[in-house]
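> model this:
(one chain, ligands or ions: 1)
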Amino acid sequence: MSKEELRFNSKTIHGGQEPDKAYGAVMPPIYQTSTYAQSTPGGHKGYEYSRSANPTRTALERAMASIENGEYGLAFASGLSAIDAVVKLLKPGDEVISTNDLYGGSYRLFRQVFEQYGIRFHFMGLQDLDAIEAQINDRTQLIWVETPTNPMMNVVDIKGMASLAKKHNILLAVDNTFATPYLQRPLDLGADIVMHSATKYLGGHSDVVVGALVVKDKGLADKLYFIQNASGAVCGPMDSFLVLRGIKTLHVRMQRHCDNGREIANYLKAHPKIAKVYWPGFKEHPNHEIAKNQMSDFGGMISFVPKSGTYKEAVAIVEKLRVFTLAESLGGVESLAGHPASMTHASIPREEREKSGVVDSLIRLSVGIEDVRDLIADLEQAL
Ligand SMILES: *Cc1c(COP(=O)(O)O)cnc(C)c1O
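I've put the predicted structure just below:
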């Protein structure tokens, strides 16, 4: 049986992996080297300089490609540097369509860096395919999707988006950071590029900042590899090792994130002090049907708004939490709470933010894999 025929919960451990060629090490060694000895000029064993390629990074890139059902993986120094490489496929005058509740850092990169280079970005709700089609013109080169979105948990129909993109010959990239391939595999649904902040669930232990891209098409992989090597924001060997180690338990962790997430979403929904809970697993979530079709479960990311609706109340709640840590980021084994308006989304102007629902009192939870009774008790005392 080839390793690529394995089921997902085995691929996380074996996909794209072989024992190391030198001594049979089961985990790839951390090849902490910048360069490689050559026997004669150009005579090397596949590695010549670690910006271009490094064996530990190769192992991670193969694992990434395997779990996303892609052919080629590229590991970057951060999620944002992976996004940066994708946008560098474009040229001045090109246009991009993206969601209006995009991850704050992606929004900042698009608006404050790439607009200066003559690339235009349109931010809109990505639920209405007709409205998106109306926005497409012959300069549109890329659709950038995040699903579920951050922090409003909107779900985008990847299959529908892929057929629209194909029809107009536009690249479709999906930021799969929130769902991970455990819950959804965008390449299978027709996307061209999958992007990850591996800093989050893939690494899973809040100890590393790494990004990744996975594609199926060789031509696209070559272009992205050229940009990666030319720009140089590569993932280092130690960080590659850590993410590779994280991926081996992805399926086990994700199931617990989902189970705990479900219990906490239901707990919050029933709480008298809570006005609104955003979680795609609720039947009344506006995109629940799409979520059910394209995801195998609903994840551990939840946002909610307390009834008082004030900035002060939200801050008071997150400050009282003891098991949840008040911190940026998500996807680690430990539960985190965040206040998007002042933290992750502070770089988005208030008007833009509020249009998509990121009000001052919104609180976002990254539910970890602790005993859920301790998490609920913590929320109970803070509320
Ligand atoms: C964190 C994050 C990013 C950026 O990744 P970094 O690793 O922090 O550079 C992009 N998209 C989403 C959805 C994220 O959560």
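
> Any regions of this structure where pLDDT drops low?
Of all residues in the chain, those with pLDDT under 70 make up the ranges 1.

> Would you tell me which residues of it are close to the ligand?
Taking CB under 6 Å from any ligand atom as the criterion, the chain approaches the ligand at residues 78-80, 103, 105-106, 146, 150, 175, 177-178, 197, 199-200, 209, 211. From N, CA and C alone the C-beta is placed, and that goes for glycine too.

> Can you flag which of these belong to helices?
Counting by DSSP state H, those place 79-80, 105-106 in helices.

> Greatest separation within the residues of the chain next to the ligand: which pair is it?
Longest distance between any two of the residues of the chain next to the ligand is 18.4 Å, between Glu146 and Val209; criterion CB to CB.

> about what we covered before: which of the ones in helices among the residues of the chain next to the ligand sits closest to Ser231?
Checking these against Ser231 by CB to CB gives Leu80 as the nearest, at 12.2 Å.

> how close does Arg256 get to Tyr311?
The span separating Arg256 from Tyr311 equals 32 Å under the rule CB to CB, to the nearest Å.

> Quick check: Leu220 is in a helix.
Yes. According to DSSP: H, G, I helix; E, B strand; the rest coil, Leu220 belongs to a helix.

> Pretty sure it sits against Ala191.
No. When contacts are counted by CB atoms under 8 Å, Leu220 is not listed as touching Ala191 (11.4 Å).

> of those two, who's got more company?
With neighbours defined as other CB atoms under 10 Å, Leu220 and Ala191 compare such that Ala191 has more, 27 against 18.

> need the helices for the stretch 201-350 of the chain, in chain order.
Under the criterion DSSP state H, counting those that start in this stretch, the stretch 201-350 of the chain carries helices at the ranges 218-231, 237-247, 250-269, 288-294, 311-320, 350-355.

> Could you list every helix and strand in contact with the longest one?
Packed against helix 250-269 by the contact rule (3 or more CB pairs under 8 Å, 6 or more residues apart in numbering; DSSP states H and E) you find helix 8-14, helix 180-183, strand 274-278, strand 301-306, helix 372-382.

> between these, which gets nearest to Leu365?
Of these, the one closest to Leu365 (CB to CB) turns out to be strand 301-306, at 4.7 Å.

> ok, Ser329 to Glu48 distance?
When distances are taken as CB to CB, Ser329 and Glu48 turn out to be 35 Å apart.

> go on, Val87?
Between Val87 and Glu48 the distance is 28 Å, computed by CB to CB.

> out of these two, which sits in the more crowded spot?
Each of Val87 and Glu48 has its neighbours counted (other CB under 10 Å); Val87 has more, 22 against 15.

> Pull the contacting residues for the more buried one.
The contact partners of Val87, by CB atoms under 8 Å, 6 or more residues apart in numbering, come to 96, 109-110, 114, 119, 142.

> Find the closest residue to the ligand in this protein.
Distances from the chain to the ligand, computed as CB to the nearest ligand atom, single out Gly79 as the nearest residue at 2.2 Å.

> Am I right that that residue is in contact with Leu202?
No. No contact is recorded between Gly79 and Leu202 when judged using CB under 8 Å, the distance being 10.1 Å.

> Please enumerate the shared neighbours of the two.
196, 210.

> So for the two, which sits in the more crowded spot?
Under the criterion of other CB under 10 Å, the comparison of Gly79 against Leu202 puts Leu202 first, with 30 against 24.

> Am I right that the more buried one is in contact with Gly246?
Yes. With contact defined as CB under 8 Å, Leu202 counts as touching Gly246 (5.7 Å).

> how far away is Glu48 from Asp222?
With the distance defined as CB to CB, Glu48 ends up 18 Å from Asp222.

> now Ala327
Looking at Ala327 against Asp222, where the rule is CB to CB, the gap reads 38 Å.

> In terms of neighbours, single out the busier of those two.
A direct count of neighbours by other CB under 10 Å for Ala327 and Asp222 places Ala327 higher, at 16 against 12.

> In contact with that one, which residues?
Taking CB under 8 Å, 6+ apart as the definition of contact, the neighbours of Ala327 are 336-338.

> taking these one by one, which sit in strands?
Judged by DSSP state E, the subset of those located in strands is 336-338.

> The nearest residue to Lys248 once chain neighbours are set aside: neighbour count?
Distances taken as CB to CB, 6 or more residues apart in numbering place Ile13 nearest to Lys248, at 5.1 Å, with adjacent residues excluded. Burial of Ile13, expressed as a neighbour count using other CB under 10 Å, amounts to 15.

> can I see the domain layout of the chain?
For the chain, the structural domains run 7-247, 250-382, going by automatic domain parsing.

> hang on, the earlier thing: which two of the contacts of Val87 have the greatest separation?
When those are compared pair by pair using CB to CB, the two farthest from each other are Leu109 and Leu142, 13.2 Å apart.
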